[in-house]
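J.: Just a sequence and a predicted model for now, questions to come.
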Amino acid sequence: MSATILDGKATKDAIFEELRPRVARLVEQGQAPGLATVLVGDDPGSQSYVRAKHNDCAKVGIKSIRKDLPADVSQADVEAVIDELNADPECTGYIVQLPLPKHLDAGPLLERMAPAKDADGLHPISLGRLVLGEEAPLPCTPRGIIELLRRHDVELNGARVAVVGRGITVGRPIGLLLTRRSENSTVTLCHTGTKDLASEISRADVVVAAAGVPNLITADMVKPGAAVLDVGVTRTEDGLAGDVRPDVAEVAGFLSPNPGGVGPMTRAMLLTNVVEAAERNLG
Ligand SMILES: Nc1nc(=O)c2c([nH]1)NC[C@@H]1CN(c3ccc(C(=O)N[C@@H](CCC(=O)O)C(=O)O)cc3)C=[N+]21
């Protein structure tokens, strides 16, 4: 048996097709969505992610604005850029690309962003609204994972989901989404303090591997037929490695590859958040 591939790239393309007419309608109504990115420094990985986001915007007709700042920019100068984007009517949503250089204090910068323009869904106000069950932009990677599963008819209602990793962008928030009534999953959050990871994984119908530990999830742990999402990426001497060992494909029912899985879905959800924010502005 070999797993059905959860193709994030093709699914992203399908979502872009759905966004294009919504963007055109917003433009007609004078509410053109505009995504801005704030990028500090010249990390090649970050630069390539940001470039991809601007290419995506061009594909669906969203205006995009780039704020590229030098690696040694001061906290005050980043604050000034954030204030400028908060005030700019052409920017309806934006992100500050993470990680930021160590001399910058990320928390106060992210909190300074206007919550209505939070395209990542990671602003403390957005995360608070998610906990409260209020409408808010949703964190892009968790939302992308759920969308990828839904579009491949993977059952979430009543499913046992094992999440591995408690990071802010994926592991911590995804349980909030999956345990809403609309998803109705039962979630176990595993982390470095988990006593028996293999036994937690073996019970799961869906495994979300977001630990950033290469090959952490192995075929012997996975319940036959389970859906496994490889979210972690680590740069190793032999190139990029995911959290899921390739032999998992022989046991899993569904597998999201890395690259080509959750990464493109994250970008599709970023643009979805921007379009939805512009639609909310229309009322
Ligand atoms: N404020 C902020 N928001 C983010 O969403 C954010 C961030 N900072 N910092 C870094 C991480 C990482 N991230 C990725 C998004 C898409 C791909 C993606 O599309 N990857 C392609 C491959 C792209 C390539 O090969 O370069 C794939 O998986 O197929 C990867 C990684 C978003 N992040």
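T.: Sure thing, it's come through.
J.: What strand or helix carries the residue of the chain found nearest the ligand?
T.: Minimum separation of the chain from the ligand (C-beta to the nearest ligand atom) falls at Gly263, amounting to 2.3 Å. To be clear about C-beta, it is placed using only N, CA and C from the backbone, and glycine gets the same treatment. Here Gly263 sits within helix 262-282, counting by DSSP states H and E.
J.: number of nearby residues for the closest residue to the residue of the chain closest to the ligand other than its chain neighbours?
T.: Of all residues beyond its chain neighbours, the one nearest Gly263 is Gly8 (6.5 Å), with distances taken as C-beta to C-beta, 6 or more residues apart in numbering. As a burial measure, Gly8 scores 26 neighbours (other C-beta atoms under 10 Å).
J.: And Gly8, what's its pLDDT?
T.: For Gly8, the model assigns a pLDDT of 98.
J.: what bridges to Lys67?
T.: Here Lys67 sits in beta bridges with Val38, going by DSSP bridges.
J.: That one against Leu35, yeah?
T.: No. Using C-beta atoms under 8 Å, Lys67 is not in contact with Leu35; the gap is 11.5 Å.
J.: Who has more neighbours out of those two?
T.: The neighbour comparison of Lys67 against Leu35 (other C-beta under 10 Å) goes to Leu35, with 27 against 18.
J.: a helix runs through the more buried one, doesn't it?
T.: No. Under DSSP: H, G, I helix; E, B strand; the rest coil, Leu35 falls outside any helix and is assigned strand.
J.: Close to the ligand: what parts of the stretch 1-150 of the chain are there?
T.: Contacts of the stretch 1-150 of the chain with the ligand, taken as C-beta under 6 Å from any ligand atom, map to Ser48, Tyr49, Ala52, Ile95, Val96, Gln97, Leu98, Asp120, Cys140.
J.: again, 8 Å this time
T.: 8-9, 45-46, 48-49, 52-53, 95-99, 120, 122, 140-141 (C-beta under 8 Å from any ligand atom).
J.: For burial, what's the neighbour tally of Tyr49?
T.: Using other C-beta under 10 Å: Tyr49 sits among 17 other residues.
J.: could you list every residue that touches it?
T.: By C-beta atoms under 8 Å, 6 or more residues apart in numbering, Tyr49 lies in contact with Gln97.
J.: Where does pLDDT dip in the chain?
T.: 1 (pLDDT under 70).
J.: what are the ranges of the helices in the chain?
T.: Ranges of helices in the chain, per DSSP state H, are 8-28, 44-60, 75-87, 106-112, 124-132, 140-150, 171-178, 197-202, 262-282.
J.: and those helices, which is most packed in?
T.: Comparing the helices of the chain by mean neighbour count (mean count of other C-beta atoms under 10 Å), helix 140-150 comes out on top with a mean of 24.
J.: Give me the residues contacting it.
T.: Helix 140-150 has contacts (C-beta under 8 Å, 6+ apart) with 6, 8, 11, 15, 119-121, 156, 169-170, 173-174, 176-178, 183, 206, 208, 210, 227, 229, 231, 254, 256, 261-262, 265-270, 272-273.
J.: Export that helix to CSV, keeping only CA atoms.
T.: Only the C-alpha atoms of helix 140-150 are listed here, as CSV (Å, rounded to 0.1, in the frame of the first residue of the first chain):
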residue,chain,number,x,y,z
CYS,A,140,-2.1,30.3,8.0
THR,A,141,-0.4,26.9,8.5
PRO,A,142,-3.0,25.3,10.7
ARG,A,143,-5.7,26.6,8.5
GLY,A,144,-3.9,25.3,5.4
ILE,A,145,-3.5,21.8,7.0
ILE,A,146,-7.3,21.6,7.7
GLU,A,147,-8.1,22.9,4.2
LEU,A,148,-5.8,20.3,2.6
LEU,A,149,-7.4,17.5,4.6
ARG,A,150,-11.0,18.7,3.8
